[in-house]
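Q: I'll drop the sequence and a predicted model, then ask my questions.
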Amino acid sequence: MTIAKTKRADFTPGAAVAARLDSIDWNRISSELDAQGCAVIDGLLSPQQCLALAALYPDDSRFRSRVVMGRHGFGRGEYKYFAYPLPEPIAELRPALYAPLCEVANRWNETMGIDIRYPERHQAFLERCHAAGQTRPTPLLLQYAASDYNCLHQDLYGEHVFPIQVAILLSQPGRDFSGGEFVLTEQRPRMQSRPEVVPLTQGDAVAFAVHHRPVQGTRGPYRVNLRHGVSRIRAGHRHTIGVIFHDAK
């Protein structure tokens, strides 16, 4: 599939992005993250923003590296890590999403007895990453075709890991592709894995636990381990943005 190159003007101005973020019910997002380890943010990006971001994929000047998943046993398909400076609106969304999610992350760590706390500002957290040698940007653009899939995995990248990340679907299910569901699995101690299939439409985002999260048991809270992936694309093409808040070594 050929994707035409886009111009900067195709992106919604920062004021519109800020307005969309202000309209989000962060109490609901927090509650669903606590209960399920994931939460859907409906319509985070407009269809025009989705098309403009997907159209960046052929432009290698916007990216620092390309990964062909089959070469590494990650699945089938490919993705590219953006270079700094990040494109709009990802450059605006990354710090803006971090701020409310930071409250959840700090509460989770306190509940699990983990001493690490995250600063309120994303830039301050990035400075912590960069001081430890994690200087490479991690937001990425994924591209799938028919029969492609993404194996269950965790996006860790180094010592400093922010425990929540966001994926944004840029393509429209049923029109651009079929199959390709976002899948989350949760492994609780002495139990079989619990799968969660998250339905998304174009522009929707899912916030989810990167590694582990606390669950309240009868004897107090305990940690559960999570992995995420994408089921097999049955037809068409699927593009997704991954917004990871820690940088990589």
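A: Right, received. Where do you want to start?
Q: other SSEs contacting the lengthiest strand in the chain?
A: Taking DSSP state E as the criterion, the chain has its longest strand at strand 220-230. In terms of contacts (3 or more Cβ pairs under 8 Å, 6 or more residues apart in numbering; DSSP states H and E), strand 220-230 is packed against strand 149-153, strand 182-187, strand 205-209, strand 212-217. Using the backbone N, CA and C atoms, a C-beta is placed for each residue, glycine as well.
Q: Next, the buried residues of the helix or strand following that strand.
A: Next in sequence after strand 220-230, counting helices and strands by DSSP states H and E, comes strand 233-236. Buried residues in strand 233-236, counted by 16 or more other Cβ atoms under 10 Å: 233, 236.
Q: what pairs with strand 233-236, and is each one parallel or antiparallel?
A: In the sheet containing strand 233-236, its partner strands are strand 177-179 (antiparallel), by DSSP bridges.
Q: which parts of the strand it pairs with are buried?
A: For strand 177-179, the neighbour count (16+ other Cβ under 10 Å) marks 177, 179 as buried.
Q: what's the answer for stretch 211-218, then?
A: For stretch 211-218, using 16+ other Cβ under 10 Å, the buried residues are 211-215.
Q: Output these as a markdown table; include the columns pLDDT.
A: Shown next, in a markdown table, are those (pLDDT from 0 to 100):
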| residue | pLDDT |
| --- | --- |
| 211 | 95 |
| 212 | 95 |
| 213 | 96 |
| 214 | 96 |
| 215 | 93 |
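Q: Widest-spaced pair of these?
A: Of all pairs drawn from the buried residues of stretch 211-218, the widest gap by Cβ to Cβ lies between 211 and 215 and measures 13.9 Å.
Q: Okay, now the unreliable bits of this protein?
A: Residue ranges of the chain with pLDDT under 70: 1-16.
Q: which other helices and strands contact the longest helix seen in it?
A: Using DSSP state H, we find that the single longest helix of the chain is helix 90-111. Contact here means 3+ Cβ pairs under 8 Å, 6+ apart; on that basis helix 90-111 packs against helix 14-22, helix 26-36, helix 122-131, strand 164-169, strand 212-217, strand 238-243.
Q: hang on, the earlier thing: can you show me the CA trace of the longest strand of the chain as PDB?
A: In PDB, the C-alpha atoms belonging to strand 220-230 read as follows (Å, rounded to 0.1, in the frame of the first residue of the first chain):
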ATOM      1  CA  GLY A 220      -3.500  -7.700  50.900                       C
ATOM      2  CA  PRO A 221      -2.100  -6.400  47.600                       C
ATOM      3  CA  TYR A 222       0.100  -8.500  45.300                       C
ATOM      4  CA  ARG A 223       1.800  -8.000  41.900                       C
ATOM      5  CA  VAL A 224       0.600  -9.400  38.700                       C
ATOM      6  CA  ASN A 225       2.700  -9.600  35.500                       C
ATOM      7  CA  LEU A 226       1.400  -8.300  32.200                       C
ATOM      8  CA  ARG A 227       2.300  -8.700  28.500                       C
ATOM      9  CA  HIS A 228       0.700  -7.200  25.400                       C
ATOM     10  CA  GLY A 229       0.600  -8.000  21.700                       C
ATOM     11  CA  VAL A 230      -1.500  -7.900  18.500                       C
END
